[in-house]
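In: Here's a sequence, model it:
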Amino acid sequence: MAQYIGAIDQGTTSSRFIVFDKAGTIVSIGQKEHEQIYPKPGYVEHDPLEIWRNTESVIREALERKGLKPRDLAAIGITNQRETTLIWDRRTGKPLHNALVWQDTRVDPIVEEFARDGGHDRLRAKTGLPLASYFSGLKLRWLLDNVPGAREKAETGDVLFGNIDTWLVWNLTGGTNGGCHITDVTNASRTQLMNLGALEWDDDILSLFDIPRACLPTIKSSSEVYGIARDNLAGVPIAGILGDQQAALVGQACFQPGDAKNTYGTGCFMLMNTGETPYPSKCGLLTTMGYKFGDERPVYVLEGSIAIAGALVQWLRDNLGLIQASHEIEALAASVEDNGGVTIVPAFSGLYAPHWNSHARGLFGGLTRYATKAHIARAALEATAFQTREVLDAMTKDTGIAVKELRTDGGMVVNELLMQFQADILDVPVVRPKVIETTALGAAYAAGLAVGFWAGKEDLVRNWAIDKRWSPAMEPGRRRRLNAEWDKAVARSLNWAD
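Out: Numbers count the residues shown, from 1 in each chain. Next up, the predicted model:
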């Protein structure tokens, strides 16, 4: 009997394959970064073929590291960077263009075109989402309008659309030789083409955006057997798909309404479980899918998406040369007692939740001759915590639910200075689980539930355990002053660009 579950975690900067045992413990891991392509200001692309090659490579690496064979895996799940959009030729398997990454803002003019009639919230009732460059639907529209011959072939189904989950499943199950063209409800909910209540592609929106249905994948649940893998994973069922943030929600066992998690990665993403009914937001949050396991009723979430979190640390490293490696920022920031009056608003591509202002731009505020690179490092970490505070405030206003604790995961949670400041500025305990690879774990859980590797969600709740908890220790007056300084800086950044 197979003892393990595998998970492909295809993220914004790298691809990983992680093998888990029944306790949710990591058995083996392979990882490989891929290139970030910036053709113009605001344009962000990935090479889909590089992502697929890297995925094959990390699968081999993780299996070989522990001497595992495909027969040792009961199933695999997939989690992916959401909203990243690509089209490819069904007959050749070749992408027609680089993938447009979720951060890409080239469709801003199209967003404004559609917003002129009915405003940015004209599709919220159906999709839970505002019109924004973030989501896949208008990225797909741009590709169909700008890649020669793409629209004509899409109308006949000879060109296929997908987010990265769809691209990986299609290739894993045979590609041009019978590959499955599917997605799950969580990824479909981020296209702005799916009706959130019906869990189906919406004909009115397809007509509005001029998207041919023939190029779209079939929408499935987040946990069921979609097909059987070939090659490196020959014979292994592909049985779970979750967009990366929903996967982290499942990996954190946030199964009760009011449970909330925040993932600190390239961006920052907070999700709150709101139960079986879509919860409309009036405070700038997204109403979106949480997960749907097989035939069970779907579970919805409120989400606050922050574009720049860990990416700000990378920018200080790569663009300014402030540090040589990302991990150095904690010691540098800890070398001073506070931010020295410096505030950084990292609105490099606008601000997402709760502002949704594509014309905002990044700024440094409060600079004096006293400021050093240590103060800038500290302000950079604090920017992530302040943005998270804005999102949590919006969730409380929308739901009336006061979050009792915030479960955290992602690469930045090893930064204890950030985690303590986060607890301080929220005035809420912050909890780090023993397994911080919750995104991959959530995909593994979805796959394992589909094939009976885990009997039910109760098994997953038992697996979850605390590694460390940070309690608020900041004096209330200081908290109010720091939050006020942040709010003032954000106000300056809004509508900076024409």
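In: Now do the longest helix along the chain: which elements does it pack against?
Out: Using DSSP state H to define each element, the chain has its longest helix at helix 373-399. Applying 3 or more C-beta pairs under 8 Å, 6 or more residues apart in numbering; DSSP states H and E, we find helix 373-399 packed against strand 260-264, strand 268-275, strand 299-306, helix 310-318, helix 328-334, strand 343-345, helix 416-426, helix 476-493. Using the backbone N, CA and C atoms, a C-beta is placed for each residue, glycine as well.
In: quick one: the strands in the stretch 1-150 of the chain?
Out: 4-10, 14-20, 26-33, 45-46, 73-80, 86-89, 99-100 (DSSP state E, counting those that start in this stretch).
In: between the second one and strand 4-10, what angle do the directions make?
Out: Here strand 14-20 points in a direction 170 degrees away from that of strand 4-10 (axes from the mean of the first three to the mean of the last three C-alpha atoms, to 10 degrees).
In: Strand 14-20 versus strand 26-33: what angle between them?
Out: 170 degrees.
In: what mean pLDDT does strand 14-20 have?
Out: For strand 14-20, mean pLDDT rounds to 96.
In: If you count neighbours, what's buried in that strand?
Out: Ser15, Arg16, Phe17, Ile18, Val19, Phe20 (16 or more other C-beta atoms under 10 Å).
In: I'd like those residues laid out as JSON lines, including distance to Ala234.
Out: Formatted as JSON lines, the buried residues of strand 14-20 follow (distance: C-beta to C-beta, whole Å):
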{"residue": "Ser15", "distance to Ala234": "20"}
{"residue": "Arg16", "distance to Ala234": "20"}
{"residue": "Phe17", "distance to Ala234": "15"}
{"residue": "Ile18", "distance to Ala234": "19"}
{"residue": "Val19", "distance to Ala234": "16"}
{"residue": "Phe20", "distance to Ala234": "20"}
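In: Return the member of those residues nearest to Val250.
Out: Checking the buried residues of strand 14-20 against Val250 by C-beta to C-beta gives Phe20 as the nearest, at 12.8 Å.
In: thought the closest one was touching Ile29?
Out: No: here Phe20 lies out of contact with Ile29, judged by C-beta atoms under 8 Å, at a distance of 9.8 Å.
In: before we move on, back to that, buried residues of the helix or strand that the longest helix of the chain is followed by, list them for me.
Out: Using DSSP states H and E, the helix or strand that follows helix 373-399 in sequence is strand 406-409. For strand 406-409, a neighbour-count test (16+ other C-beta under 10 Å) marks Leu406, Arg407, Thr408, Asp409 as buried.
In: Likewise for stretch 454-472?
Out: Trp454, Asp459, Leu460, Asn463, Trp464, Trp470, Pro472.
In: In helices, which of those residues appear?
Out: Per DSSP H, the buried residues of stretch 454-472 map to helices at Asp459, Leu460, Asn463.
In: Now the last one. Nearest residue, chain neighbours left out?
Out: With sequence-adjacent residues excluded and distances taken as C-beta to C-beta, 6 or more residues apart in numbering, Asn463 is closest to Gly24, at 4.0 Å.
In: between Phe20 and Ile29, what contacts are shared?
Out: Between them, Phe20 and Ile29 share no contacting residue under C-beta atoms under 8 Å, 6 or more residues apart in numbering.
In: Is it correct that Ile436 is in contact with Asp409?
Out: Yes: using C-beta under 8 Å, Ile436 makes contact with Asp409 at a distance of 5.1 Å.
In: And the average pLDDT for stretch 321-334 is what?
Out: So the average pLDDT for stretch 321-334 ends up being 94.
In: what's it in contact with?
Out: 310, 313-314, 316-317, 373-374, 376-378, 380-381, 414-418.
In: go with 10 Å
Out: Outside stretch 321-334, the residues that touch it by C-beta atoms under 10 Å, 6 or more residues apart in numbering are 310, 312-318, 339, 372-382, 411-412, 414-418, 421.
In: Just give me the neighbour total for His355.
Out: Look at His355: counted by other C-beta atoms under 10 Å, it has 18 neighbours.
In: That should have said Gly235, apologies.
Out: 11.
In: what about the residue lying closest to it once chain neighbours are set aside, how many neighbours?
Out: Among residues not flanking Gly235 along the chain, Pro70 sits closest, at 5.6 Å (C-beta to C-beta, 6+ apart). Using other C-beta under 10 Å, Pro70 has 18 neighbouring residues.
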